[in-house]
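Participant: After the sequence you'll find the predicted model.
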Amino acid sequence: AVAGAGFGLAVGVLCDAVYFGTDGAMTVGVCVVGMAAGALAQYLLRQNLLGCLLCSLLALAAMDGVRILARLFWGDWELGAMLSLAGREILLSLIFVFPVYALFLWVYRRVPKKTVL
């Protein structure tokens, strides 16, 4: 959970730097999502590609769900169009899980582990 929060914090700062008008919300939001994904991976899911895909799907759906709810509350947006766009964004984003998982697995295998005597 701590590693997920740290990763989410780094990604959130990057998102706030790149996206206009987020006012720090991405830093806090992605940090919380990263912490939740880390806790899921630590306690409920297997730490393999399928678990990574499921965590990514849940995280992306949660972030898009918050964005959709905010737009429904503050604006005059059509729910069907937002759900369609969110679905396409999630599917396209899940494609990147494969190379990111491969990169993290590669790094993980090269980091020395603690040995128990």
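Facilitator: Noted; the coordinates are in hand. The model shown is predicted, which means the values in this text are computed figures rather than measured ones.

Participant: Next SSE downstream of the top helix by length along the chain?
Facilitator: Counting residues, the longest helix found in the chain (DSSP state H) is helix 49-74. Once helix 49-74 ends, the next helix or strand along the chain (criterion: DSSP states H and E) is helix 79-95.

Participant: Buried residues in that following helix, which are they?
Facilitator: By neighbour count with 16 or more other Cβ atoms under 10 Å, helix 79-95 contains the buried residues Met82, Ala86, Ile90. For every residue, glycine as well, the C-beta is placed using N, CA and C.

Participant: What are the neighbouring residues in contact with the residue nearest the centre of the chain?
Facilitator: Centroid check for the chain by Cα atoms, centre = their mean gives Ala59 as the closest residue, at 4.4 Å. Contacts here follow Cβ atoms under 8 Å, 6 or more residues apart in numbering; on that basis Ala59 touches Val33, Gly34, Ala36, Ala37.

Participant: who wins for neighbours among the residues you listed?
Facilitator: Ala37 (26 neighbours; other Cβ atoms under 10 Å).

Participant: quick one: the helix or strand encompassing it to chain centroid distance?
Facilitator: Following DSSP H and E, one finds Ala37 within helix 25-43. Helix 25-43 sits 7 Å away from the centroid of its parent chain (Cα atoms, centre = their mean, to the nearest Å).

Participant: if we can go back for a sec, among the contacts of Ala59, which pair sits farthest apart?
Facilitator: Pairwise distances across the contacts of Ala59 peak at 7.3 Å for Gly34 and Ala36 (criterion: Cβ to Cβ).

Participant: what residues are shared contacts of these two?
Facilitator: Common neighbours of Gly34 and Ala36 are listed as Gly4, Ala59 (criterion: Cβ under 8 Å, 6+ apart).

Participant: Run the chain-centre distance for the strand or helix carrying Leu14.
Facilitator: If you go by DSSP H and E, Leu14 is part of helix 2-18. Distance of helix 2-18 from the chain centroid (Cα atoms, centre = their mean) equals 9 Å.
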